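S.K.: model this:
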Amino acid sequence: MQKAPSGSTGLLVRKLQQIGRGDEARVIEDFSVDNRLIRAMLALGKQAAQEVVEWGAKPVRSAKKTLTLVERLNAGRQRAHDAGPQ
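M.R.: Predicted coordinates:
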């Protein structure tokens, strides 16, 4: 499994298939995405978000300006730059 790209992630399913008949038959490896595992992981994430009331919850609006993710990251970078090396 390690030979396949992304094989170490556990998200791939390995199947052996026979091609041809008789003396000319060959067995090849076929890799595909494990959709059942991905669906289970997404369902688990959804359940966890629902339990902490983050799923489908509307954002709380306040009088303060809501910063975008980019603005928050840039502000953090600026603070780190201003602090200098530690």
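S.K.: quick one: the nearest residue to residue 55 once chain neighbours are set aside and residue 37, what's the gap?
M.R.: Nearest non-adjacent residue to residue 55, counting by C-beta to C-beta, 6 or more residues apart in numbering: residue 49, 4.0 Å away. Placement of C-beta: from N, CA and C, glycine included. Distance from residue 49 to residue 37, counting by C-beta to C-beta, to the nearest Å: 19 Å.
S.K.: Same check on residue 13?
M.R.: Applying C-beta to C-beta, the value for residue 13 to residue 37 is 8 Å.
S.K.: just checking, what packs against the worst-scoring helix or strand of the chain on mean pLDDT?
M.R.: Using mean pLDDT, DSSP states H and E, helix 69-83 stands out as the lowest-scoring helix or strand of the chain, at a mean of 84. Packing partners of helix 69-83 (3 or more C-beta pairs under 8 Å, 6 or more residues apart in numbering; DSSP states H and E): none among the helices and strands.
S.K.: Contacts only, for the closest residue to residue 19 other than its chain neighbours.
M.R.: Nearest non-adjacent residue to residue 19, counting by C-beta to C-beta, 6+ apart: residue 26, 5.2 Å away. Residue 26 makes contacts with 18-20, as judged by C-beta atoms under 8 Å, 6 or more residues apart in numbering.
S.K.: Redo those as TSV? Include pLDDT and distance to residue 44.
M.R.: Conversion of the contacts of residue 26 to TSV gives the following (pLDDT from 0 to 100; distance: C-beta to C-beta, whole Å):
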residue	pLDDT	distance to residue 44
18	92	36
19	91	37
20	91	42
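S.K.: where does the protein have low pLDDT?
M.R.: 1-8, 57-66, 86 (pLDDT under 70).
S.K.: Tell me where it has strands.
M.R.: 12-19, 26-33 (DSSP state E).
S.K.: For those, give me CSV that also has distance to residue 54.
M.R.: Below are the strands of the chain laid out as CSV (distance: least, C-beta to C-beta, whole Å):
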stretch, distance to residue 54
strand 12-19, 30
strand 26-33, 27
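S.K.: And for residue 36, the neighbour number?
M.R.: Neighbour count for residue 36, taken as other C-beta atoms under 10 Å: 9.
S.K.: Please disregard the earlier target; I meant residue 12.
M.R.: The number of residues near residue 12, taken as other C-beta under 10 Å, comes to 16.
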